[in-house]
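S.K.: please work out how this folds:
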Amino acid sequence: MRRHLVTTALLAAVLAAPADAGRTLLMPGVTYERRVEFTPHGPVAVHVINAPKPGGLWSVKPVLSNGVIVGRERVTAMQRNLSRGATVAGVNGDLFAWADGRPSGVLMQAGVLATPPSPDRSSAGFSSDGALRVERVRLFPTWRGNGQRRPMILNQVPGANGVALFTPAWGPTTPAVAGVAEAVLAPFPAATPNLDLIGSVAEVKQGGGGTSIPPGGAVLVARGTGSQRLLAEAPVGTPLVARLRLNPDWTGVVEAIGGGPVLVRAGKPVFRHFELFSTAQLARNPRTAVGQLADGRIVLVVVDGRQPGYSVGMTNFELGQALVRLGAVSASGLDAGGSSTMAFEGQLLNRPSDPGGEREVSEGLFVFYTGVYVAPATEPVLSPNGDGVAETQALSYKLVRPSSVTVNLIGPDKAARPLDSGAKGLGVYRLGWAGVSTAGTPEPEGTWRLAVTAVDDQGQSSTADRYFALNRTLGGLSVSPSVLLVRPNGPSVQASFTLTRPAKVAATISSASGALFAVVARTTLDAGAQTIGWNGKAGRTLAHSGRYTFRIAATNEFGRVELTAPFTVRRVTAAKGG
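M.R.: I've put the predicted structure just below:
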């Protein structure tokens, strides 16, 4: 037996309802909604996360799978790994090399460049003031020992005569490549663009690669004629200068991710982006995008696709149009197809199209929130009436920094009941409540709010709350018999329950799939023991054999509460005469 509740106050507080979807609060300031659009090509499921402009307790950052360039990981796994330090929602990131997971475009984290931008596709960068910039960016990296400035590449295997700089973002060791010369730089500054990065050559090696990349250092790897120059111009002890020049220089950009194409520019969808994508990539597909609204808020979008009857996907231009309808003034695409994923705190929000489900990808683009987070109540309706269902409410809140907290339950009488307070370390704190006061008397029925205020060790204040209801109206649902033998003039199954006060009652039957099969009754009943029967029919149609659910919903001034109970139908065929 299960209990459910929907109240007007609950909907007003937790959900905001646009014309075509419900908007659900994920965490303070961040909402999720799922829209369904009906197009000439078929239905399209669109998943949308709205978040504040980056700043303060909220940020938008790219995340590398496994924390390094090489390798792949599911978006949900990345989020679970991050959950201790923030509350996280977001989507998959850049296109990537399938073999090793290396992103195909730029990755910048906290102002440090990990991978270069693709000159043939747009890059999306967030500046320190929270503005989104979608532009084509080029990287011109160089190194210089005791000779002239020479070209190199960043965190990529060098060509036959090339030189590459490998930073700790690549992974623990340089790639295995035969016949290379390597200069270990220790110490060496973080790979910040547009600055002279000055280090010292601590060691020079020749061989097959696989050299450890020191923390706080880097390794120059050279092949062919590049090896000759490196050995001649960067002996041990030589000061070495590298420069990672971006064009445009992206002054102020601190977080960046590759992808493309540009989808929205100056509030208008972009029809011809002239970016390097294959015909298959430009076709109707699952899609992922990031955009910014005129007021600075961030929108993350995933469109499901390749699933006829559920969602057929979009073209890039259609996605640009959808983003404009959401209010975006600028936007960029991210990796699409089976990579398109949206999740919150390690739980999927969309339906990825790969047959195996969620795909391992190279990166995620996530909204991080570092204030107090309150999880939804485990019981949308608390009903401590002795029937064994929803007798105790389980509540919880999460801190990602040491904080001083105040936790209250606010009742329908607007009075606060203290639940917890004081200095707390980071972690999840769980609370239970049985709907009674500290004196053991029943608390008033109606809408309740768990309110948590926290001030962390950096002096940042945050608040979070969740709503649920206390409603003892409906209880004790049972169904008899547990197996109904259905025939034209057969018996009925009886649903028995109690009401503590008058209510409008709806009784319905659902199939095992959850589809509504029959409406049994819609009536107003008084308080007391009640029984409603069903004869196994929907009109003149007899139910087929299988599992069914008897649902009783009661609505009054305290809201709408439901109880369900399962039973089995066996359809009986009349025996033929001899």
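
S.K.: OK, contacts around the residue nearest to the spatial centre of the chain?
M.R.: The centroid of the chain falls nearest to Ala343 when counting by C-alpha atoms, centre = their mean (2.4 Å). Taking C-beta atoms under 8 Å, 6 or more residues apart in numbering, we find Ala343 in contact with 75-76, 79, 89-91, 349. (Glycine included, C-beta is placed from N, CA and C.)

S.K.: and the nearest residue to Val157 once chain neighbours are set aside, how many neighbours does it have?
M.R.: Leaving aside its chain neighbours, Val157 sits nearest to Pro175 (5.4 Å; criterion: C-beta to C-beta, 6 or more residues apart in numbering). By the other C-beta atoms under 10 Å criterion, the neighbourhood of Pro175 contains 20 residues.

S.K.: likewise Pro116?
M.R.: The local packing of Pro116 (other C-beta under 10 Å) involves 25 other residues.

S.K.: doesn't Leu154 make contact with it?
M.R.: Yes. The criterion here is C-beta atoms under 8 Å, and Pro116 meets it with Leu154 at 5.1 Å.

S.K.: quickly list what's touching both of the two.
M.R.: Residues touching both Pro116 and Leu154 (C-beta under 8 Å, 6+ apart): 139, 141.

S.K.: what pLDDT does the residue nearest to the centre of the chain get?
M.R.: Looking at Ala343, its pLDDT reads 98.

S.K.: pairing partners for it in the sheet, please.
M.R.: Judged by DSSP bridges, the bridge partners of Ala343 are Gly90, Leu348.

S.K.: and it, how far from Gly101?
M.R.: 18 Å (C-beta to C-beta, to the nearest Å).

S.K.: same check on Asp456?
M.R.: Distance from Asp456 to Gly101, by C-beta to C-beta: 35 Å.

S.K.: please apply the same query to Val302.
M.R.: Note on Val302: its distance to Gly101, by C-beta to C-beta, is 20 Å.

S.K.: what about these two, which has more around it?
M.R.: Per other C-beta under 10 Å, whichever of Val302 and Gly101 has more neighbours is Val302, with 29 against 20.

S.K.: ok, now which ones touch the residue nearest to that one when sequence neighbours are not counted?
M.R.: Excluding the flanking residues, the one nearest Val302 by C-beta to C-beta, 6+ apart is Met342, at 4.1 Å. Each residue near Met342 by C-beta under 8 Å, 6+ apart is listed here: 47, 49, 75, 90-91, 288, 300, 302, 348-350.

S.K.: and if you look at Gly199?
M.R.: So Gly199 contacts 185-189, 217-218, 239-240, 242 (C-beta under 8 Å, 6+ apart).

S.K.: ditto for Tyr429
M.R.: Tyr429 touches 396-399, 420, counting by C-beta under 8 Å, 6+ apart.

S.K.: let's go with 6 Å and repeat that
M.R.: Contact partners of Tyr429, counting by C-beta atoms under 6 Å, 6 or more residues apart in numbering, are Tyr397.

S.K.: now it: which helix or strand?
M.R.: strand 427-433 (DSSP states H and E).

S.K.: the closest residue to Gly207 other than its chain neighbours: neighbour count?
M.R.: Nearest residue to Gly207 in three dimensions, chain neighbours excluded: Val180, at 7.1 Å (C-beta to C-beta, 6+ apart). Neighbours of Val180 under the rule other C-beta under 10 Å: 27.

S.K.: ok, Val180 to Gly320 distance?
M.R.: 44 Å.

S.K.: what about the residue lying closest to Ser104 once chain neighbours are set aside, distance to Leu230?
M.R.: Leaving out its chain neighbours, the residue that sits closest to Ser104 by C-beta to C-beta, 6+ apart is Leu95, at 4.4 Å. The gap separating Leu95 from Leu230 is 31 Å, by C-beta to C-beta.

S.K.: sorry, back to before: of all the contacts of Ala343, which comes closest to Thr370?
M.R.: For the contacts of Ala343, the residue nearest Thr370 by C-beta to C-beta is Ala89; the value is 13.1 Å.

S.K.: any idea how this structure splits into domains?
M.R.: As given by automatic domain parsing, the domain ranges for the chain are 29-134+255-369, 138-247, 373-470, 474-571.

S.K.: deepest in the core, which of the ones you listed is it.
M.R.: For these, the largest average neighbour count (mean count of other C-beta atoms under 10 Å) is found in domain 29-134+255-369, namely a mean of 21.

S.K.: tell me how far that one is from the chain's mean position?
M.R.: Relative to the chain's own centre, domain 29-134+255-369 is displaced by 11 Å; criterion: C-alpha atoms, centre = their mean, to the nearest Å.

S.K.: re earlier: closest one to Gly22 among the domains of the chain?
M.R.: Taking the domains of the chain one by one with C-beta to C-beta, domain 29-134+255-369 is closest: 6.4 Å.

S.K.: one step back: what average pLDDT does the strand holding Tyr429 get?
M.R.: 97.

S.K.: and the helix or strand following it, which strands flank it?
M.R.: Note on strand 427-433: by DSSP H and E, the next helix or strand toward the C-terminus is strand 446-456. If you go by DSSP bridges, strand 446-456 pairs up with strand 403-410 (antiparallel), strand 461-470 (antiparallel).

S.K.: give me the angle between strand 446-456 and strand 427-433.
M.R.: Angle, strand 446-456 to strand 427-433, by axes from the mean of the first three to the mean of the last three C-alpha atoms, to 10 degrees: 150 degrees.

S.K.: so what touches strand 446-456?
M.R.: Counting by C-beta under 6 Å, 6+ apart, 7, 9, 372, 374, 395, 397, 401, 403-412, 461-470, 558 sit against strand 446-456.

S.K.: okay, now the unreliable bits of this structure?
M.R.: 1-21, 574-578 (pLDDT under 70).

S.K.: which residues does the closest residue to Asp465 other than its chain neighbours form a beta bridge with?
M.R.: Take Asp465 and drop its neighbours on the chain: the residue closest to it by C-beta to C-beta, 6+ apart is Ala451, 4.5 Å away. Beta-bridge pairing for Ala451 (DSSP bridges): Asn408, Asp465.

S.K.: repeat that for the one 4 residues further on.
M.R.: Going by DSSP bridges, Val455 is paired in beta bridges with Ser404, Ser461.
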